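Student: can you look at this prediction? I've put the sequence above it.
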Amino acid sequence: MDIRHHLPDDLLLAYAAGSLEEGWSLAVASHLAFCPVCRARNATLEALGTAALEDMSPEPMTPGAFEACMGRAANMPDDPEAAIPANAQTPAPLSRYLGCDLDAVKWSPLGGGIRQHMIPTNDGTRGRLLYIPPGEDVPQHTHQGLELTLVLSGSFADGAEEFHVGDIEAADETIDHTPVAGADGPCICLAVTDAPLVFRSWLPRMIQRFAKI
Amino acid sequence: MSDAAGAIDESWESLLTAVAATGDRDAFSRLFAHFAPRVKSYLLRQGASPSQAEDVAQETLAVIWRKARLFDPTKASASTWIFRVARNQMIDRIRRRERPELDPNDPLLVPDAAPAPDKQAAKNEDTKAVRNALAQLPEAQREVIMLSFFEEDPHPAIAEKLQLPIGTVKSRIRLALARLNSLLDQSDHGES
């Protein structure tokens, strides 16, 4: 697999620092499973975080902290190791949210053969899987905020750029686009947004009121 | 200075490995003495109250003791592994947020390209190389990178602290990371 479209620096830095919201983090962690290049970048950023931690001026612990720590450790339950099915089509961080693999997802129709599956998060980000039939386009739209799209199956084209499995696209309010699924098969993506998409025509806008895109 | 830091860092790997292999309490007490006060300081810097910082620092070190057997020196340096545990405890207990994580055992994981034999440096060497590159950045660039690790909403917080427009903060971070990567590339080529 040859990943051509990578994560922007600022998102990866925020992920390494621990300041990235849940929905974005889900897209980042899922892309990292596909992309050795971004994993290496992430390791460099974590080394920067390590330097930040090492350079902190030490704050004395309270007397008896070591014994208290050992006491906590003795009472700490072991995490059950979560089993991951060997033939999964979705990266492990995403499977944990879906509770199933890609072929068992329950879809809701959005019109035009496009379907979605919402992925609840605990903050302002919104995650969803999108299913786009071969050759179909997502109606032209812009964004009020950021949209991250990670391809899980099939492919899509956005203008001259093609996105295949593992590729990630970051689109913001400066981008007005009509992504089109590849002809080779349905395109299934993880899409994360922090604000509703802005459609250019009335029909998707009407659907939007029901579909909470 | 980097030589001294390097010597210390190498002993972090052996201390953590001893904790994993034999439950070496003495090795752990040395890790605790160095890292617990720094983790506490890091948590205070993230906005924890003093009692919360003490509590979560103890918890972080307890997790390190319990999970030391998961430490793999071929995948991360000891200090980076400890940073990750501290950061994740901070997200979980101070920010109360979820952080989906890469699973190193994911069967779908696309493996790394095998490094050339002369590039198979231990991971603590990588951590040192990053630290050296960081030291070579102009102070203003180094500052925005370091501050990015301490703020819940970094761009506006750094802009306010440094009295700069947000756009300047973002572009300075981008420049700093580009400079850092080119320094790391140079050091890579220098060693091969």
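Tutor: Here it is on my side, so go on. Residues are numbered from 1 along each chain as shown, chains lettered A, B, ... in the order given.
Student: contacts only, for B:Met90.
Tutor: Going by CB atoms under 8 Å, 6 or more residues apart in numbering or on different chains, B:Met90 touches A:18, B:42-43, B:46, B:48, B:56. C-beta coordinates here come from the backbone N, C-alpha and C atoms, glycine included.
Student: next one, pLDDT for it please.
Tutor: For B:Met90, the model assigns a pLDDT of 97.
Student: same deal with B:Ala5?
Tutor: If you check B:Ala5, the pLDDT there is 48.
Student: same deal with the one 10 residues further on?
Tutor: Among the per-residue scores, B:Leu15 holds a pLDDT of 96.
Student: kindly tell me how buried it is, as a neighbour count.
Tutor: By the other CB atoms under 10 Å in any protein chain shown criterion, the neighbourhood of B:Leu15 contains 20 residues.
Student: hang on, the earlier thing: cross the contacts of B:Met90 against strands and list the overlap.
Tutor: Assigned to strands by DSSP state E, none of the contacts of B:Met90 qualify.
Student: and the closest residue to A:Phe66 other than its chain neighbours, its phi and psi?
Tutor: Counting by CB to CB, 6 or more residues apart in numbering or on different chains, B:Phe32 is the residue found nearest to A:Phe66 once chain neighbours are left out, at 5.5 Å. With angles defined as degrees, to the nearest 10, B:Phe32 sits at phi -60, psi -50.
Student: what of the one 4 residues further on?
Tutor: Note on B:Ala36: its backbone torsions stand at phi -60, psi -50 [degrees, to the nearest 10].
Student: neighbours of it, just the number please.
Tutor: 24.
Student: so what's it up against?
Tutor: When the contact criterion is CB under 8 Å, 6+ apart, the partners of B:Ala36 are A:61, A:65-66, A:69, B:57-58, B:60-61.
Student: would a markdown table of the residues you listed with distance to A:Leu102 and pLDDT be doable?
Tutor: Supplementary listing: the contacts of B:Ala36 in a markdown table, determined by distance: CB to CB, whole Å; pLDDT from 0 to 100:
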| residue | distance to A:Leu102 | pLDDT |
| --- | --- | --- |
| A:Met61 | 47 | 98 |
| A:Ala65 | 47 | 98 |
| A:Phe66 | 48 | 98 |
| A:Cys69 | 42 | 98 |
| B:Ala57 | 41 | 98 |
| B:Gln58 | 41 | 98 |
| B:Thr60 | 36 | 98 |
| B:Leu61 | 40 | 98 |
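Student: and stretch A:37-50, how far out from the chain middle?
Tutor: Averaging C-alpha positions (CA atoms, centre = their mean, to the nearest Å) puts stretch A:37-50 18 Å from its chain's average.
Student: run a quick neighbour tally on A:Ser95.
Tutor: Neighbours around A:Ser95, by other CB under 10 Å: 21.
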